[in-house]
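Asker: Here is a sequence with its predicted model. Questions after.
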Number of protein chains: 2
Amino acid sequence: MNLQKAWGILKENGFKETTKRNQILEIFEGDERYLTARDILDVMQKDYPSMSYDTVYRNLATFVSLDILEATELSGEKHFRMHCESDHHHHHFICMDCGKIKEIPLCPMDLLGAALPAYEIDNHKFEIYGKCPECK
Amino acid sequence: MNLQKAWGILKENGFKETTKRNQILEIFEGDERYLTARDILDVMQKDYPSMSYDTVYRNLATFVSLDILEATELSGEKHFRMHCESDHHHHHFICMDCGKIKEIPLCPMDLLGAALPAYEIDNHKFEIYGKCPECK
DNA sequence: TTTTCCAATAAGAATGATTACGATTTACTA
DNA sequence: TAGTAAATCGTAATCATTCTTATTGGAAAA
């Protein structure tokens, strides 16, 4: 996802255009890795020394709820990255060294079919962890 | 897994038989749901009012490292349950209401095959969340 | 049985991530 | 440009988890 599309979604939902919000989005646009709230704060405080955690967390939560960012829990910390452009449902390989991801086009739920007939399935998580070719 | 087997593993690895350890294991033996450290502490403090968090966390970590318990992150908190008996690699459906699990016999990694040739795969996570027939 | 040793535990402080909140500032609208 | 609600700041609170130090307890040796 790019800045324009993200702002389109934000405007549609009545969110104001602020410089902080814009810079947070710019950081994610320029980094394909999963980042933590602290990563964001560290970068932001170079330009805005008074930037507060509250602003970072509040905006990250907003972005996730609007599907601008996607989140996952890695070693006990929430990590965020720009939501994938691809409209095809997919999953991720995550490099535990550099944090970069690779899309996995298949979804195990397709193959699961009617294996859980009486169950209500609300959600699922499939992630692969390891090292990418560059880090190996 | 049952108490006897768990103690067999602990003894093999040189861990002492203590009453606290035994009661923690008993709690897991009698509950098929995923429990948090706090859940354990709450039950334990009825019998041992001075029970400390440290003891709970230390033992949970020990049990996980010995594959007596298995752990997963649910809504930001680590949850634990007795390691499955089944020797066949599998995954879990987790009921978000009652916390009970159902084994899913298939593993998406089997089907992924050689889709990530240049990657080093260290780990993977596949979990399905929803409501079990009883809770639906 | 008694002694001894070291793992195990208690108590509580420390840490690290995250959330909450009153006061202030900023972006949009009329 | 003024009014208003949203956004942000500054800081404190919270929550899970880990660490530190002194003490206790299990089990092997005497």
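Answerer: Arrived safely.
Asker: Give me every residue in chain A lying close to DNA strand C.
Answerer: Applying CB under 7 Å from any atom of the strand, we find that chain A lies next to DNA strand C at A:16-19, A:36-38, A:52-54, A:57, A:61, A:76-78. (C-beta placed from N, C-alpha, C; glycine too.)
Asker: rerun at 10 Å
Answerer: Those residues of chain A that sit near DNA strand C, judged by CB under 10 Å from any atom of the strand, are A:7, A:10-11, A:14-22, A:36-41, A:50, A:52-58, A:60-61, A:71, A:73-80.
Asker: among those, which ones are buried?
Answerer: A:7, A:10, A:20-21, A:37, A:39-41, A:55-56, A:60, A:74, A:78-80 (16 or more other CB atoms under 10 Å in any protein chain shown).
Asker: Which of the residues in the longest strand anywhere in chain A are classified as buried?
Answerer: Within chain A, and with DSSP state E defining each element, the longest strand by residue count is strand A:120-131. By neighbour count on 16+ other CB under 10 Å, the buried set for strand A:120-131 is A:124, A:126-131.
Asker: Kindly reformat the residues you listed as CSV containing distance to A:I101 and pLDDT.
Answerer: Formatted as CSV, the buried residues of strand A:120-131 follow (distance: CB to CB, whole Å; pLDDT from 0 to 100):
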residue, distance to A:I101, pLDDT
A:H124, 18, 93
A:F126, 13, 95
A:E127, 9, 95
A:I128, 10, 95
A:Y129, 11, 93
A:G130, 11, 93
A:K131, 13, 93
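Asker: can you tell me which two in those residues are farthest apart?
Answerer: A:H124 and A:K131 (24.6 Å; CB to CB).
Asker: Extract the CA atoms of the least confident helix or strand in chain A by mean pLDDT and return them as PDB.
Answerer: Using mean pLDDT, DSSP states H and E, the weakest-scoring helix or strand in chain A turns out to be helix A:108-112, at a mean of 88. Extracted as PDB, the C-alpha positions of helix A:108-112 are listed here (Å, rounded to 0.1, in the frame of the first residue of the first chain):
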ATOM      1  CA  PRO A 108      -4.000 -23.900   4.400                       C
ATOM      2  CA  MET A 109      -7.700 -23.100   5.000                       C
ATOM      3  CA  ASP A 110      -8.400 -23.900   1.400                       C
ATOM      4  CA  LEU A 111      -7.100 -27.400   1.900                       C
ATOM      5  CA  LEU A 112      -8.800 -27.900   5.200                       C
END
